[in-house]
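A.B. asks: Requesting a structural model of the entry that follows:
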Amino acid sequence: MGLIIFSIVLSLGITIALGWSIQDEEWAFRKRMFLGVFGLLIIVFGCFTTIGANTVGIMYNPFKGGIQNEVLSEGFKTKTPFDKVYKISTEVQEFDFKDMSVQTNDSQWVNSIIQIQARIDREKAFEYFKKYGGKNLSDIQSILSNTTQKQLEKITTQYNIMEVLGDKRDEIVNKTLEEVKAELLKDGILVERILLVDTDAGEAIEKAIEKEASAKKEAETAKYLKEKAELEGQAKVIEAQKEKEANELKQKSLTNEILTEKMIEKWDGKLPATMLGKDILSTFNINK
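C.D. replies: Below you'll find the predicted structure:
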């Protein structure tokens, strides 16, 4: 703030010096006075800058050793007339890299289309500017592409062709993301997402993969049916065992006393027309 005031005072002094002339011991303003005022405005406005949304500022001052370590955030900022502010976008940008050829551990080649989403890290914008200056990410696409391909192949060489194009696809993408992120973050670039849009390993390999997938699906179906039959059989055995145990328990619980009691409970009090023995209970063949 003191520097701004000093600049204004200095400008006023220059303005007065340019506009002063002795004529009848009075002030006289000439064209140079207007030039002085114009210079004052330039200096005053040169003491401020605005950093927009999703943007950071990097300050360069030739009298303080060049690039300043401080990263300017969004908002209205003050500076000296000698400071130059480079504004860098931190918005997420999307890039598609086609014909990215990588090798597998069984010496097969895969052509891929990779999509990445990246942005300049606000906290590491200073590192980015030191390496790339005021360039946007779109200006260094070749660097992003080469780094992505290098790290992708570093991962695919750990898998065979069937795994790369098959069930290990997501695992490979996730590992590649971690490697690319770690590599580019050193330069202040944050990779947020990597998407494997398409892969092509040739017609012969594609057919072999389809055949393997079909065989795998048939094997899984057969295994499922077998397990289902085994479970249904076990369920029937368990049900039969339970029924047997229930019947045995029921037989053991039906004593002569219980049977007699149940018959009495159901008897309506009427005697049969024909008696087969002296004891009414002999009719039901129940021993005392």
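A.B. asks: Helix, strand, or coil at the residue nearest to residue 168 when sequence neighbours are not counted?
C.D. replies: The shortest distance from residue 168 to any non-neighbouring residue, by CB to CB, 6 or more residues apart in numbering, is to residue 159 (5.5 Å). No exception for glycine: its C-beta is placed from N, CA and C like everyone else's. Under the three-state scheme (DSSP: H, G, I helix; E, B strand; the rest coil), residue 159 adopts coil.
A.B. asks: which residues does residue 159 contact?
C.D. replies: By CB atoms under 8 Å, 6 or more residues apart in numbering, residue 159 lies in contact with 104-105, 168, 172.
A.B. asks: which one of these sits closest to residue 117?
C.D. replies: Nearest to residue 117 out of the contacts of residue 159 is residue 172 (CB to CB; 17.9 Å).
A.B. asks: For whatever helix or strand the closest one lives in, enumerate the helices and strands it packs against.
C.D. replies: Assessed by DSSP states H and E, residue 172 sits inside helix 169-185. Counting contacts by 3 or more CB pairs under 8 Å, 6 or more residues apart in numbering; DSSP states H and E, helix 169-185 is packed against helix 141-156, strand 189-200.
A.B. asks: Can you say which of the ones you listed is nearest to residue 112?
C.D. replies: Closest among the helices and strands packed on helix 169-185, using CB to CB: strand 189-200, at 5.1 Å.
A.B. asks: which neighbours does that closest one have in its sheet, and in what orientation?
C.D. replies: strand 109-120 (antiparallel) (DSSP bridges).
A.B. asks: so the partner strand versus helix 169-185, what angle?
C.D. replies: 50 degrees (axes from the mean of the first three to the mean of the last three CA atoms, to 10 degrees).
A.B. asks: Could you list the residues in contact with whichever helix or strand comes after strand 109-120?
C.D. replies: Downstream of strand 109-120, the first helix or strand assigned by DSSP H and E is helix 125-132. For helix 125-132, the external contacting residues (CB under 8 Å, 6+ apart) are 56, 58, 67, 69, 71, 86, 88, 90, 120-121, 139-140, 186-189.
A.B. asks: same question, stretch 187-200
C.D. replies: 92, 96, 110-121, 124-129, 131-132, 137, 144, 148, 164-165, 169, 172-173, 176-177, 180-181, 184-185, 206.
A.B. asks: Which of these are buried? Put it as a PyMOL command.
C.D. replies: In PyMOL, this line selects whichever of the contacts of stretch 187-200 come out buried by 16 or more other CB atoms under 10 Å:
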select buried, resi 110+112+114+115+116+118+119+120+121+124+125+126+127+128+129+132+137+144+148+164+165+172+173+176+177+180+181+184
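A.B. asks: Would you reformat the helices and strands packed on helix 169-185 as CSV and include mean pLDDT and distance to residue 78?
C.D. replies: Shown next, in CSV, are the helices and strands packed on helix 169-185 (pLDDT from 0 to 100; distance: least, CB to CB, whole Å):
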stretch, mean pLDDT, distance to residue 78
helix 141-156, 94, 35
strand 189-200, 91, 29
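A.B. asks: Any chance of JSON lines for these, columns distance to residue 243?
C.D. replies: Formatted as JSON lines, these follow (distance: least, CB to CB, whole Å):
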{"stretch": "helix 141-156", "distance to residue 243": "58"}
{"stretch": "strand 189-200", "distance to residue 243": "57"}
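A.B. asks: Can you tell me which of those is nearest to residue 51?
C.D. replies: strand 189-200 (19.0 Å).
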